[in-house]
Structures are given as structure tokens and as C-alpha cells.
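Q: Attaching a predicted model along with its sequence, questions to come.
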Amino acid sequence: MKLLLLFLLCVSSVKSQGSTDYDEEDDSPQPGVRGHRPLDKRREVAPTLRPVAPPISGIGYQPRPPKRGKPGDKKERIIYPDAGGCKHPLEELGVLCPTGCELQTTLVKQEKNVKSVVHDLKDKVSKLSETSTTFYEYVTVLDDKLVKRQKQRKDNDDILSQYNTEVELHYNYIKDNLDNNIPSSLRVLRAVVDSLHKKIQKLENAIATQVDYCRSPCVVSCNIPVVSGKECEDIIRKGGEISEMYLIQPDPFVRPYRVYCDMQTDNGGWTLIQNRQDGSVNFGRVWDQYKKGFGNVAKSGGKNYCDTPGEYWLGNDKISQLTKIGPTEVLIEMEDWNGDKVSAHYGGFTIQNEGNKYQLSVSNYKGNAGNALMEGASQVHGENRTM
């Protein structure tokens, strides 16, 4: 409170001093701030209520009036940089104290700087906003991809688990086979190999025997009967009643050749075109060998004539010539290792020449061996009974 009273007293003293620039003895009128203006008697100066400042230290001392310069002197204008641009009407009075004007100027200057900074910040914020939006979209895409990858990974894990299960099943299956089935299969295979080994030994023995037989040229050392004919039926009619090797000549333009005639089976007169009994002759031959014939027609059974048939094939050309003589029938007899016999008889039997690829025709089957030729012909070429 004391400071406030002291401040008010100072302000009052300054105002009173500013109103009286001269001594009290000078009663001449002073011009106003706005220049000389005639005084209107109708308007008197209103009395002021401003109190007169008391003298300093109680004496009648007044402040010294300002010195008036000479008419020719120029006053330099004092510039106050921090004045803020707000001044009194007269320069002699100095400048005003920093008030709203100065603050306004300062604020205007700072506002310009702040506006530029705010504009830059707005641009940066806009760019950051765009970048943030881009990042958000990118992160959204990544999230979608992550979800898809996680689903794909889950599917792959399921497939892998399924494959692992299947692999385990296969492994267990293979392991069981290795532990159980394969040993039994190996035993079976060993038995088969042993059986084959025994058969191979038998074949080797048979081959060795045949090699011994063939060290010298195979010749017929038995006598050939004098009687001969076109075929065995013709020979039996001429008196040949013993089953042995004979000479026949179906065609007068072809040289005679040896055959074995069976004169005992079913009234006799049968020409033996094929005989197999001990596997001494290999029947795995080529076309020309089957065309001409191969093997041993007959051999001696200890007598002076060849009464025992050998293993041989008469030949396709010779058989074809025999079937051209007239109606021909064929008898097929078979016997297994146990001695069981079966037979097949065909009342009609014809073989064409090589130009027709030795086409076979049969008919009028009877017997207990099965009609293999007729059934095979019907399956291959229909109902013409031809192969």
C-alpha cells in the first residue's frame, strides 16, 4: 500500500511540473500545443481541479525552464530504437512508455516469423500425414499378406502332417514286409531256385549225352525195307506191316525221303510227322528249319532195322505234300510224366504251301485231349476252322 501511495504521489508531481514551465511571476499567456487561437469570451477556461505541486523540501523552487535555442540552430532528432513507433505529438516531450503500440509492432514482427514457421510446419505435417497414410496402407497390405501366409502355412502344416502320416504308414508296411513277408518269399524263391538248379542239371546231363552222340555224324546203321510208297497208308496196303522207318515219295518230281510209319495204332498206316520223347532235340528253331525239317527220324532198338522213332519234325513242305495226295486225317497222342495219355483225332486235315504261310485247316474232331485247334481257330479267325 505504501508503495502504491508513493507511486501516485510521483505521478501527481510529474503532472504538476509539466503544466508550469515558467515561474509564478510570469502571468503572460502561453500558447497552447495547437498554436495561437483567439480566446472566445463566451467560453471561459474551465477551472482545473489539478492540485498545485508543492515545492521541493518546502521551498519555492520550481524546475528550470528549458533552454530555447537560437533561431539558426538545428536540433538533431533523437531516435529511440526501442520506442516501438509510438511518440508524443511534440518531439520535445520525448517518447511514450512502451505500451500496446510497441507490443503490437513486436507482435506483428513475431507474427510474420511465426506464420512462416507455422506454414512450414503445416507443409511438414501434411507430408507426414501423407507418409503416415501411405505407411498405414502398406501396413494394411502387409497385414493381409501376413494373414494369407499364416493360412498358407497352416495348410502346409496340415499337408505335411498328412504326408508324415502316410510316410509312417508306408514305413511300417515296408518294415512289416521286411520282417515277415520277405523272409518267407526268400524261402519260396530258394525252393524255386533249387528246383530250377535240379532241372538245369538234368538238362546239362542230357546235353552231355547228346554231345557224345554227335561226336560222329549221325547215320542210319539199320536196313531200310524194300517196300515203299507215296505214304504209309500206301505201304501198309503193299504189305509193310512192321512199324519202322520207310522211304516214301508223295510227288514223283520230288526225291524220296525217310519217315517213320506206325503200323500198329488204330489199324496202322500212320505217317509220323512229329515225335518228342526225351528232349534230346531242340525245337526252338527258325522258319527255314521248320520248313525243311530237323531231328532223327528213327533209331535201332538193337535189331537190324530202325524200329524206334527218334525226336524230329518232318518239315512243313513235306507235310503239305502229304495233305495234297487226298483226304487226310491226323491223330495227336500225348502222354505226361505220370503216364496219363490223351488223344485228339481230326477227320479233315490240310496244310497249305509256303506261299499261303502253311495255313492249317482241321475238322471233325473227336477225342479226350480237348479241341484246341478248333477253339483256337474260332478265336483267331472266326468260324472257318482255319489257322
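A: Received, thanks.

Q: Every contact and neighbour count from this point should use C-alpha atoms.
A: OK.

Q: so what's Gly348 bridging to?
A: Counting by DSSP bridges, Gly348 forms beta bridges with Ser363.

Q: Was I right to think it contacts Thr328?
A: Yes. Between Gly348 and Thr328 a contact is recorded at 6.0 Å, counting by CA atoms under 8 Å.

Q: tell me, what's touching these two both at once?
A: Contact criterion CA atoms under 8 Å, 6 or more residues apart in numbering; residues shared by Gly348 and Thr328: none found.

Q: From Lys145, how far out is Leu134?
A: Not quite, residue 134 is Thr, not Leu. 16 Å (CA to CA, to the nearest Å).

Q: swap in Glu335?
A: Distance from Glu335 to Lys145, by CA to CA: 82 Å.

Q: can you check Lys357 too?
A: 76 Å.

Q: just the helices in the stretch 101-250 of the chain please.
A: Ranges of helices within the stretch 101-250 of the chain are 182-213, 232-237, based on DSSP state H, counting those that start in this stretch.

Q: most tightly surrounded among those helices?
A: Counting by mean count of other CA atoms under 10 Å, helix 232-237 has the highest mean neighbour count of these, with a mean of 19.

Q: contacts for it?
A: Val227, Ser228, Gly229, Ile248, Cys261, Asp262, Met263, Gly268, Gly269, Trp270, Thr271.

Q: closest to Val139 among those residues?
A: Distance to Val139, by CA to CA, is smallest for Thr271 among the contacts of helix 232-237, at 101.4 Å.

Q: now that we're looking at that closest one, which residues does it contact?
A: Thr271 makes contact with Glu231, Cys232, Glu233, Val259, Tyr260, Cys261, Asp262 under the criterion CA under 8 Å, 6+ apart.

Q: what do you get if the cut-off is 6 Å, keeping everything else the same?
A: Applying CA atoms under 6 Å, 6 or more residues apart in numbering, we find Thr271 in contact with Cys232, Cys261.

Q: I'd assumed it was in a strand, is it?
A: Yes. Counting by DSSP: H, G, I helix; E, B strand; the rest coil, Thr271 is part of a strand.

Q: please renumber so the chain begins at 42
A: That works, and once the first residue is 42, the last one we named lands at Thr312.

Q: any idea how far it lies from Val371?
A: Where Val371 is concerned, Thr312 sits at a distance of 9 Å (CA to CA).

Q: Could you do Asn205 as well?
A: Using CA to CA, one gets 68 Å for the distance from Asn205 to Val371.

Q: Phe390 now?
A: Relative to Val371, and taking CA to CA, Phe390 is found at 6 Å.

Q: same deal with Leu219?
A: Distance, Leu219 to Val371, using CA to CA: 55 Å.

Q: what about those two, which has more around it?
A: Under the criterion of other CA atoms under 10 Å, the comparison of Leu219 against Val371 puts Val371 first, with 18 against 12.

Q: got any ranges where the stretch 192-341 of the chain has weak pLDDT?
A: 254-262 (pLDDT under 70).

Q: same thing but 90
A: 198-199, 201-207, 209-230, 243, 246-269, 282, 292-295, 318-322, 337-341 (pLDDT under 90).

Q: Can you show me the strands along this protein?
A: Per DSSP state E, the chain carries strands over the ranges 285-289, 298-303, 311-313, 315-316, 335-336, 339-340, 349-350, 353-354, 371-376, 382-392, 401-408.

Q: so can I have JSON lines of the ones you listed showing distance to Gln242?
A: Formatted as JSON lines, the strands of the chain follow (distance: least, CA to CA, whole Å):
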{"stretch": "strand 285-289", "distance to Gln242": "33"}
{"stretch": "strand 298-303", "distance to Gln242": "31"}
{"stretch": "strand 311-313", "distance to Gln242": "31"}
{"stretch": "strand 315-316", "distance to Gln242": "24"}
{"stretch": "strand 335-336", "distance to Gln242": "23"}
{"stretch": "strand 339-340", "distance to Gln242": "26"}
{"stretch": "strand 349-350", "distance to Gln242": "26"}
{"stretch": "strand 353-354", "distance to Gln242": "24"}
{"stretch": "strand 371-376", "distance to Gln242": "23"}
{"stretch": "strand 382-392", "distance to Gln242": "27"}
{"stretch": "strand 401-408", "distance to Gln242": "36"}
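
Q: Great, nothing more from me.
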